[in-house]
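1. Fold the following.
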Amino acid sequence: MESQSFHHDLALLDWQVELGATEAISDAPVNRYDLPKATAKKPSKPAVAAPGSPAPLPVVDPVAVAEQAAGVAQDLDALRTAMAAFEHCELKRGARNLVFSDGIAGAPVMIIGEAPGRDEDREGKPFVGRAGQLLDKMLGAIDLGRNREDAPVYITNVLPWRPPQNRDPKPEEIAMMKPFLMRHIALAQPKVLVLVGNWSCQTLLGKRGITRLRGEWTQAAGLPALPIFHPAYLLRSPAFKREAWADLLSLKAHLRDG
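-> Residues are numbered from 1 along each chain as shown. The predicted model follows:
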């Protein structure tokens, strides 16, 4: 009989635990309203490192480091060196090459893409794959070219290193590389910016939605700026080439009239 009562009580206890009971009830009732209030604990003092132990490493702000490194660059070669020495962007560790620029520095048109792809990472130049070939055809249609001394363009990207698997840039990656881009624009001294794709618009305009932004002249980095479709998007969606052609004609007219 005693054994049956034990097993019965144990089963009841297991059932209460399954219901979420976490605290046993004492034999005598307790009026918890009569209990003295617990005194607030004083905040503990910050731990002091023991004598002889190494001091904690300071927290590094990658954006501040980038701003300082970019700010001291006095020409494009120095800026490229500063970017190559920047160690706070994880993209650098998985990339083959730093993709800095192509075209002719000092050109009136500066084209800003998003990030290198596989071909760009391999060759160390922006827009050299299928999308780059289409971009060259688009520029040639309005008598511009990256190697044309009479009507040159200058090309760079928001990010100088290829993201893994061509994924979208992360906000922290854009934030730490933006100071280099802003200094790049200042040193290249273009008259017009062409923002290619969503991420260049996000970086310089704080906006996305290229189908809504394209073709509308705006201001970026203190310069006239024209958002356009990325050539890679046009390869996937050729139906939008008509809008892209209208944007190119708008760029041509702006350069002619300006």
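
2. buried set for the helix or strand containing D247?
-> Taking DSSP states H and E as the criterion, D247 maps to helix 241-257. Residues 244, 247-248, 250-251, 255 are the ones in helix 241-257 that count as buried (16 or more other C-beta atoms under 10 Å). C-beta: built from backbone N, CA, C; applies to glycine.

3. and if you look at stretch 143-151?
-> Per 16+ other C-beta under 10 Å, stretch 143-151 contains these buried residues: 144-146, 151.

4. got the CA coordinates for it in PDB?
-> Extracted in PDB, the C-alpha atoms of stretch 143-151 (Å, rounded to 0.1, in the frame of the first residue of the first chain):
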ATOM      1  CA  ASP A 143      29.800  58.700 -78.500                       C
ATOM      2  CA  LEU A 144      31.400  58.000 -75.100                       C
ATOM      3  CA  GLY A 145      34.000  55.400 -74.100                       C
ATOM      4  CA  ARG A 146      36.300  54.400 -71.300                       C
ATOM      5  CA  ASN A 147      39.300  54.700 -73.500                       C
ATOM      6  CA  ARG A 148      38.200  57.500 -75.800                       C
ATOM      7  CA  GLU A 149      40.400  60.500 -75.200                       C
ATOM      8  CA  ASP A 150      38.000  62.800 -77.000                       C
ATOM      9  CA  ALA A 151      35.000  61.700 -75.000                       C
END
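
5. Any chance of the buried residues of helix 241-257 in a markdown table with distance to G113 as columns?
-> Shown next, in a markdown table, are the buried residues of helix 241-257 (distance: C-beta to C-beta, whole Å):
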| residue | distance to G113 |
| --- | --- |
| A244 | 15 |
| D247 | 15 |
| L248 | 16 |
| S250 | 19 |
| L251 | 15 |
| L255 | 19 |
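
6. between those, which is nearest V65?
-> L251 (35.4 Å; C-beta to C-beta).

7. which residues touch that closest one?
-> 109, 142, 192, 194, 226, 228 (C-beta atoms under 8 Å, 6 or more residues apart in numbering).

8. Same question for L223.
-> So L223 contacts 185, 190-193 (C-beta under 8 Å, 6+ apart).

9. Out of those residues, who's the most crowded?
-> Neighbour counts for the contacts of L223 (other C-beta atoms under 10 Å) peak at L193, which has 24 neighbours.

10. Would you confirm that that one contacts A220?
-> Yes: here L193 reaches A220: they are 5.4 Å apart, a contact under C-beta atoms under 8 Å.

11. Find residues that contact each of these two.
-> Contacts common to L193 and A220, judged by C-beta under 8 Å, 6+ apart, are L204.

12. Three-state assignment for A70, please.
-> Assigned with DSSP: H, G, I helix; E, B strand; the rest coil, A70 falls in the helix class.

13. Next, the contact list for it, please.
-> Per C-beta under 8 Å, 6+ apart, neighbours of A70: 79, 82, 179-180, 182-183.

14. Return the distance of it relative to N157.
-> For A70, the distance to N157 (C-beta to C-beta, to the nearest Å) stands at 15 Å.

15. So what's the residue count around D77?
-> 12.

16. three-state assignment of it?
-> D77 is classified as helix under three-state DSSP.

17. quick one: which of the contacts of L251 has the most company?
-> Result: I228 is most packed of the contacts of L251 (other C-beta under 10 Å), 27 neighbours.

18. Contacts only, for it.
-> Contacts of I228 by C-beta under 8 Å, 6+ apart are 194-196, 210, 214-215, 244, 247-248, 251.

19. In space, what's closest to it - neighbours in sequence excluded?
-> Leaving aside its chain neighbours, I228 sits nearest to D247 (4.6 Å; criterion: C-beta to C-beta, 6 or more residues apart in numbering).

20. residues contacting the one you found?
-> 214-215, 226, 228-229.

21. so which pair among those is furthest apart in space?
-> Within the contacts of D247, L226 and F229 form the most distant pair, 11.2 Å apart (C-beta to C-beta).

22. pLDDT score assigned to Y33?
-> Note for Y33: predicted pLDDT of 61.
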